[in-house]
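Enquirer: this one's sequence-less:
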């Protein structure tokens with residue numbers, strides 16, 4: 001039996017967004033406990049040319065909300081990309097979760113061959129629905145969550161694989 005586009009995406013996005021929220025909560029608790037300005041973590045980077053934690057959260061959420069919206073043929077919620085605190089980042093995850101919780105299987109299933117076209121700055125992209133889900137949305141989503149995890153861990157937040165995967 002083949003797995004559907006919905007089954008391969010939305011339940012996993014829901015699970016990982018909850019785990020992501022948990023990681024951020026641990027980051028916030030660490031900052032409070034150690035009396036570290038949360039901006040140190042929210043603005044933290046692994047390398048000077050990489051995005052900070054805040055942008056990693058924004059992009060991970062955008063992959064899900066924009067990707068599922070394109071596949072489902074609906075408008076994604078507009079978010080401002082102005083989060084500067086853990087509370088604001090948690091709110092972004094909650095808004096993303098609320099959006100994908102409203103996406104129904106019948107909006108996603110059967111879109112494997114749907115043409116998906118979009119641009120990011122000067123780059124233009126064309127995919128089928130299946131290619132878009134499996135070669136763009138999912139890898140990018142995990143890349144940005146993993147990078148956020150690594151920023152937190154690098155800064156001393158006591159998180160591990162169980163926090164990332166959910167226990």
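Expert: Thanks, I have it. The structure presented is a predicted model; accordingly, all values stated were derived computationally and were not measured.
Enquirer: going forward, measure contacts between C-alpha atoms and count neighbours the same way
Expert: OK.
Enquirer: and residue 142, what element?
Expert: Assigned by DSSP states H and E, residue 142 falls within helix 138-154.
Enquirer: hmm, who's touching the helix or strand just after that helix?
Expert: The helix or strand immediately downstream of helix 138-154 is helix 161-165, counting by DSSP H and E. Applying Cα atoms under 8 Å, 6 or more residues apart in numbering, the set of residues contacting helix 161-165 from outside is 16, 19, 20, 22, 23, 149.
Enquirer: could you redo the last one with a cut-off of 10 Å?
Expert: Outside helix 161-165, the residues that touch it by Cα atoms under 10 Å, 6 or more residues apart in numbering are 15-16, 18-23, 26, 145-146, 149, 167.
Enquirer: Can you tell me which one of those residues carries the smallest pLDDT value?
Expert: Lowest pLDDT of the contacts of helix 161-165: residue 167, 69.
Enquirer: This protein: helices as residue ranges?
Expert: Taking DSSP state H as the criterion, the chain carries its helices at 10-34, 38-42, 53-72, 86-101, 105-108, 129-131, 138-154, 161-165.
Enquirer: what's the third one packed up against?
Expert: The criterion is 3 or more Cα pairs under 10 Å, 6 or more residues apart in numbering; DSSP states H and E, and the helices and strands that helix 53-72 contacts are helix 10-34, helix 38-42, helix 86-101, helix 105-108, strand 115-120, helix 129-131, helix 138-154.
Enquirer: Pipe these into TSV and attach distance to residue 75 and mean neighbour count per row.
Expert: Shown next, in TSV, are the helices and strands packed on helix 53-72 (distance: least, Cα to Cα, whole Å; neighbours: other Cα atoms under 10 Å):
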stretch	distance to residue 75	mean neighbour count
helix 10-34	17	18
helix 38-42	28	19
helix 86-101	10	18
helix 105-108	13	16
strand 115-120	13	12
helix 129-131	16	20
helix 138-154	19	19
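Enquirer: one step back: for the helices of the chain, which one sits closest to residue 117?
Expert: The closest of these to residue 117 is helix 53-72. By Cα to Cα, the value is 8.7 Å.
Enquirer: Tell me what angle the closest one forms with strand 115-120.
Expert: Angle of helix 53-72 versus strand 115-120, following axes from the mean of the first three to the mean of the last three Cα atoms, to 10 degrees, is 150 degrees.
Enquirer: now helix 53-72: how far from the chain's centre is it?
Expert: Relative to its parent chain, helix 53-72 has a centroid offset of 5 Å by Cα atoms, centre = their mean, to the nearest Å.
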